[in-house]
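Engineer: Here is a sequence with its predicted model. Questions after.
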Amino acid sequence: MRVLILGGSGFVGRAVADEAVRRGDDVTVFNRGTKALPYGVRALTGDRLGDLGVLRTGTWDTVVDTWSARGDAVRRTAELLSGRAGHYAYVSSRSVYAGTGHGKAEQAPLVGPDDDGYAGDKLRGELGAAVFDGPVLLARAGLILGPYEDVGRLPWWLNRLARGGPTLAPGPRDLGLQYIDARDLAVFLLDTAARRVAGAFDLVSRPGHTTMGELLDIGNEVTGGRALLRWVDPAVIEAAGIEPWTQLPIYLPPGDLHTFLHQGDVSKAYGEGLVCRPVRETVEDTWAWLRGLPEGAPQRADRPRVGLDPQIEQKVLAGDFGA
């Protein structure tokens, strides 16, 4: 295929570019040119919020759009590329759903178009993509992990485990996790683009694809086995004022939010061919990538740094909050 990636040098866009090149596709990336390019792509330089001149000519079989900020940027490219591309895939988010107490998967109510923040931005991106005059796929991804992650969730855990010593492990140990490796997301996007599949898809692994215990055990193993995992009850974590998801990345305690993010119905995506690799492969490959970065993992400027203050961790493990 002739693939145009709007982005293509960051996390998900990089995974799509790498997979498309591996398949032998003709790959073009459009971005500001501030990061190193994936191997084997052709680069067009411009700005989603400014000059789109280089996109005014050319034809493609599919467009993959990873934009996560202002929805009007997605609308501009969807309009501009109409008639010159066969398919448009917008990488959205399960955050577009309103509330957490639903089990209707892709038919669940959405946030309002005036909603502030990330969820509203993603919904406005979906509405922008909808003006494209061909089939549009809305890839509503959940938690995304894997090499090139620029949010810092799995990299933070792997670096913490590599430091070793007594390590706060948020319980329960058998707490199920649902996520997608960026490379599996890339495969799905390209496979469905080839068939011009349209519609919204929740894209994460099946519930219970791994557990918090398995994730940290494998992480500890691949980073050298120096961490002594100390499993801490969710009530103690709450009493210590520790924020799940941000201070303890990936983790959410049992409850409505965990049910929504880690027990979602993904039967539609699996019916369309989604395949998720084993957690060990994601962890091992992410650690191998991290070890090759002299300056550490990249960090998106529009996302806060994640992770737990070592002093707070020590206080919890010392029993200051009833551990």
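Structural biologist: Perfect, I can see it now. Model, not experiment: these values are computed from the prediction.
Engineer: the helices in this structure, which residues?
Structural biologist: Here the chain has its helices, by DSSP state H, at 12-23, 71-81, 117-129, 153-163, 182-194, 212-222, 234-239, 256-262, 267-271, 279-291, 310-317.
Engineer: May I see these arranged in CSV, with distance to Arg303 as well?
Structural biologist: For every residue, glycine as well, the C-beta is placed using N, CA and C. Listed next are those as CSV, based on distance: least, Cβ to Cβ, whole Å:
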stretch, distance to Arg303
helix 12-23, 14
helix 71-81, 18
helix 117-129, 9
helix 153-163, 10
helix 182-194, 15
helix 212-222, 21
helix 234-239, 22
helix 256-262, 17
helix 267-271, 25
helix 279-291, 17
helix 310-317, 21
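Engineer: can you tell which of the ones you listed is closest to Phe30?
Structural biologist: helix 71-81 (8.3 Å; Cβ to Cβ).
Engineer: Packing partners of the closest one?
Structural biologist: The helices and strands touching helix 71-81, judged by 3 or more Cβ pairs under 8 Å, 6 or more residues apart in numbering; DSSP states H and E, are strand 62-65, strand 88-93, helix 117-129.
Engineer: Return the list of helices and strands in contact with the first one.
Structural biologist: It stands for strand 62-65. Applying 3+ Cβ pairs under 8 Å, 6+ apart, one finds that strand 62-65 makes contact with strand 2-6, helix 71-81, strand 88-93, helix 182-194.
Engineer: Could you give the backbone dihedrals for the closest residue to Tyr270 other than its chain neighbours?
Structural biologist: With Cβ to Cβ, 6 or more residues apart in numbering as the criterion, Tyr270 has its nearest non-adjacent residue at 7.1 Å, and that residue is Arg206. Arg206 adopts backbone torsions of phi -70, psi 150, taken as degrees, to the nearest 10.
Engineer: Would you agree Arg206 is in contact with Tyr179?
Structural biologist: No - with contact defined as Cβ atoms under 8 Å, Arg206 does not reach Tyr179; the gap is 10.7 Å.
Engineer: So these two - more neighbours on which side?
Structural biologist: Tyr179 (24 against 16; other Cβ atoms under 10 Å).
Engineer: Looking at the helices of the chain, which is nearest to Gly99?
Structural biologist: It's helix 256-262; of the helices of the chain, that one is closest to Gly99 (Cβ to Cβ) at 8.2 Å.
Engineer: if we can go back for a sec, so which of the helices and strands packed on strand 62-65 is the most surrounded?
Structural biologist: strand 88-93 (a mean of 27; mean count of other Cβ atoms under 10 Å).
Engineer: For the closest residue to Pro234 other than its chain neighbours, give its distance to Phe188.
Structural biologist: Nearest non-adjacent residue to Pro234, counting by Cβ to Cβ, 6+ apart: Pro253, 3.7 Å away. Pro253 sits 29 Å away from Phe188 when distances are taken as Cβ to Cβ, to the nearest Å.
Engineer: Verify the stated contact: Ala141 with Ser95.
Structural biologist: No - judged on Cβ under 8 Å, Ala141 makes no contact with Ser95 at a distance of 9.5 Å.
Engineer: Domain-wise, how is this structure divided?
Structural biologist: 2-141, 151-176+209-264+278-317 (automatic domain parsing).
Engineer: burial measure for the closest residue to Gly99 other than its chain neighbours, as a count.
Structural biologist: Spatial nearest neighbour of Gly99, excluding adjacent residues (Cβ to Cβ, 6+ apart): Pro109 at 7.4 Å. Each residue near Pro109 was counted by other Cβ under 10 Å, and the total is 11.
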